[in-house]
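Below are the sequence and a predicted model for it; my questions follow.
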Amino acid sequence: MLDQLYQQVILDHNRSPHHYGSLAGATHSARGQDALCGDDILVELRLTDGRVEEAAFSGEACVITTASASMLMDWLVGRSRTEVETAYERFGQLLEDPERPDDSELGDINHLRAVSGFPARVRNALLPWRTVLRAFKERGIA
């Protein structure tokens, strides 16, 4: 099962994370931390008309958190807060039920379901999502 955890897609996103770095002109940002494993990421978003125009993350994190953030930043562009909240719920369901079929809306993010058997890693996979939702909330986006 450990080989499933570190699938090639996850490793690729960790080695060369997409949207890594700071985002000039960010309108929203939040820091996500996990004291148990030392993850510390900053998510920055630029929203226009209530939709994510651009997204980036930076910081130090484990393989799963980095891969999750990379996949999520790819997926976020063009999405509204409501779409992100709904997808977060569906992603959480994938992590809770390994028998659940892939969610076509989530694309590559489905690869992270391999962490479902590792409770500590589930927390890592969800950290970027929770951080994005916090960024929305702190700015009061509707």
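Perfect, thanks for sending it.

in what helix or strand does Gly32 lie?
Element membership for Gly32 (DSSP states H and E) is strand 28-34.

In that strand, which residues are buried?
28-30, 32, 34 (16 or more other Cβ atoms under 10 Å). No exception for glycine: its C-beta is placed from N, CA and C like everyone else's.

Please pull out the lowest mean pLDDT helix or strand from the protein.
Lowest by mean pLDDT, DSSP states H and E among the helices and strands of the chain is helix 2-5, with a mean of 53.

which helices and strands sit right next to whatever helix or strand comes next after that helix?
As assigned by DSSP H and E, the chain's next helix or strand after helix 2-5 is helix 8-15. Here helix 8-15 touches helix 63-76, going by 3 or more Cβ pairs under 8 Å, 6 or more residues apart in numbering; DSSP states H and E.

Contacts for whatever helix or strand comes next after the helix it packs on, please.
Downstream of helix 63-76, the first helix or strand assigned by DSSP H and E is helix 81-96. Contact partners of helix 81-96, identified using Cβ atoms under 8 Å, 6 or more residues apart in numbering, comprise 50, 52, 75-76, 79, 100, 102-103, 105-106, 109-110, 112-113, 115-116, 122, 125-126, 129-130, 132-133, 136, 141-142.
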